[in-house]
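> Sequence below, structure please.
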Amino acid sequence: MMIQVDRLTKYFGPVRALDNASFGIEANEIVGLLGNNGAGKTTLMRILTTYLPATSGIARVAGFDVLTQSMEVRQRIGYLPESIPLYPEMRVEEYLQFRGQLKGLDRLQRKKRVAECMDRCRVTEVHRLLLGTLSKGYRQRVGLADALLANPPLLILDEPTDGLDPGQKQETIAFLRELGKSHTILFSSHLLAEVEELVQRVIILRRGKVGFVAKMTEIDTEPVVYMETSAPSGEALRNLVEKVEGVIRCTVSTKSDHLFLAEVRVKPGSDPREKLASGIVGQGWGLSRLERSRRKLLDKWNQINNQTDEAAV
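Numbers count the residues shown, from 1 in each chain. Below you'll find the model as predicted:
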């Protein structure tokens, strides 16, 4: 297990930023950390990278405790923070040489790794420019090159594509996918499409709690049927639908008077659309929409963030 988090809690004064968070991440796994602003993503990353101590709970990286064995943890992590602390008066190559020295690379190894990381992160063409003159996109790529210098087994990246143009984002996603073959990557992003394209597992935080943890393949295998129909009431529609074979649960929302949208979760391998249509038509209700799709990350995001505090995990 590359990362093991158990009942991790963090308070800032009276504010609880993390609330008994628990999860595990395997080696060579790419994991997306999601959540609204203030959900606790950055706090969690700073604890894992030993920048912040937790109030309670345990976090381990490659078996090492982040509080009591922080040096061993740091030697195994490449960290790209949300706001990269670059020295504006230093040049790109000079800065990376300096960072490589801090990370214990010898002179010959350092020169080779700096050249490799600049090339892989597409900053070779600006290697002589002052960091203070770079665009946000280039600063982001310099920060990623820094995170890769010591070739750590774990990369923790806070919004790694922030500030990049669409072409650069696609390059970075492809690069991270390649890195994921030999590295564990935990990264946060607000772009759900980007996460769906890259990650193998997703963790959704809600108000400091872990609201959801699953592999992307597990999300994609949840079939959903959407129906838009007229009915005397939402309760009458729900009662009819949930009696149909293959239906797990029906959630009904009101669109207008006697017009309802039903989201019907069904068992994998089941397709009850014909029986649903027959039941609704048999009641004399109108049916304007009936389609089957698979639950995507956005659906799960909405489910987690729209639930009540009592229902939150």
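> would you list every one of the helices in the stretch 51-200 of the chain?
Taking DSSP state H, counting those that start in this stretch as the criterion, the stretch 51-200 of the chain carries its helices at 70-74, 92-102, 107-120, 136-148, 166-179, 192-198.
> Following the lowest-mean-pLDDT helix or strand in the chain in sequence, what is the next regular element?
Here the helix or strand of the chain ranked lowest by mean pLDDT, DSSP states H and E is helix 216-220, holding a mean of 77. With elements assigned by DSSP states H and E, the helix or strand that comes after helix 216-220 is strand 223-230.
> What pairs with that following strand, parallel or antiparallel?
For strand 223-230, the pairing partners within the sheet under DSSP bridges are strand 259-266 (antiparallel), strand 287-294 (antiparallel).
> ok now that strand, how far from the chain's centre?
28 Å (CA atoms, centre = their mean, to the nearest Å).
> Residue 132 against residue 91, yeah?
No - using CB atoms under 8 Å as the test, residue 132 is too far from residue 91 to be in contact (10.0 Å). Any C-beta I mention is one placed from the backbone N, CA and C, and that applies to glycine too.
> Settle it for me: which of those two has more neighbours?
In terms of neighbours (other CB atoms under 10 Å), residue 91 is the more surrounded of residue 132 and residue 91; the figures are 17 against 12.
> residues contacting the more buried one?
Under the criterion of CB atoms under 8 Å, 6 or more residues apart in numbering, the neighbours of residue 91 are 127, 128, 129, 130, 131.
> Relative to residue 128, how far out is it?
Distance of residue 91 to residue 128, given as CB to CB, to the nearest Å: 6 Å.
> State the distance from the residue nearest to residue 149 when sequence neighbours are not counted to residue 148.
Residue nearest to residue 149 in three dimensions, not counting chain neighbours: residue 100, with 4.9 Å by CB to CB, 6 or more residues apart in numbering. Using CB to CB, one obtains 10 Å as the distance from residue 100 to residue 148.
> related to what we said a few turns ago, pretty sure the residue nearest to residue 149 is touching residue 114, no?
Yes - the pair formed by residue 100 and residue 114 meets the contact definition of CB under 8 Å, at 5.8 Å.
> which neighbours do those two share?
Going by CB under 8 Å, 6+ apart, residues that sit against residue 100 and also against residue 114 are residue 149.
> Where do the strands of the stretch 1-150 of the chain begin and end?
Secondary structure of the stretch 1-150 of the chain, counting by DSSP state E, counting those that start in this stretch: strands at 3-12, 15-25, 30-34, 56-61, 64-65, 77-80.
> now what about the first one, what contacts it?
Residues outside strand 3-12 that contact it (CB under 8 Å, 6+ apart) are 16-25, 40, 43-44, 47-48, 52, 54-61, 154, 184, 186, 208.
> same thing with the third one?
Judged by CB under 8 Å, 6+ apart, the contacts made with strand 30-34 from elsewhere in the structure are 25, 41, 44-45, 176-177, 180, 184-190, 192, 195, 198-205, 301.
> and if we set it to 7 Å?
For strand 30-34, the external contacting residues (CB atoms under 7 Å, 6 or more residues apart in numbering) are 25, 41, 176, 180, 185-189, 195, 198-204, 301.
> Relative to residue 216, tell me which of the helices of the stretch 51-200 of the chain wins on proximity.
helix 192-198 (6.7 Å; CB to CB).
> Check what contacts the helix or strand following the closest one and list those residues.
Scanning forward in sequence from helix 192-198 by DSSP H and E, the next helix or strand is strand 201-206. Outside of strand 201-206, the residues within contact range by CB under 7 Å, 6+ apart are 23, 29, 31-35, 39-41, 195, 210-216, 297, 301, 304-305, 312.
> cool, stretch 125-144 as well?
The contact list for stretch 125-144, computed with CB under 7 Å, 6+ apart, reads 80, 84, 86-93, 95, 118, 121-123, 160, 162-165, 168.
> Are any of those buried, and if so which?
Buried members of the contacts of stretch 125-144, scored by 16 or more other CB atoms under 10 Å, are 80, 84, 86, 90-93, 95, 118, 121-123, 160, 162-164, 168.
> what comes up buried for the least confident helix or strand of the chain?
In helix 216-220, counting by 16+ other CB under 10 Å, buried: 216, 219.
> What helices and strands are in contact with it?
Using 3 or more CB pairs under 7 Å, 6 or more residues apart in numbering; DSSP states H and E as the contact criterion, helix 216-220 has no neighbours among helices and strands.
> Residues contacting it, please?
Contact with helix 216-220 is made by 196, 199, 200, 201, 202, 294, 295, 296, 297, 300, as judged by CB under 7 Å, 6+ apart.
> can you tell me how far the first one sits from residue 30?
Put plainly, it is residue 196. Residue 196 sits 12 Å away from residue 30, going by CB to CB.
> For those two, indicate the residue with more neighbours.
Using other CB under 10 Å as the criterion, residue 196 and residue 30 rank with residue 30 on top: 22 against 16.
> I'm done for today, thanks for sticking with me.
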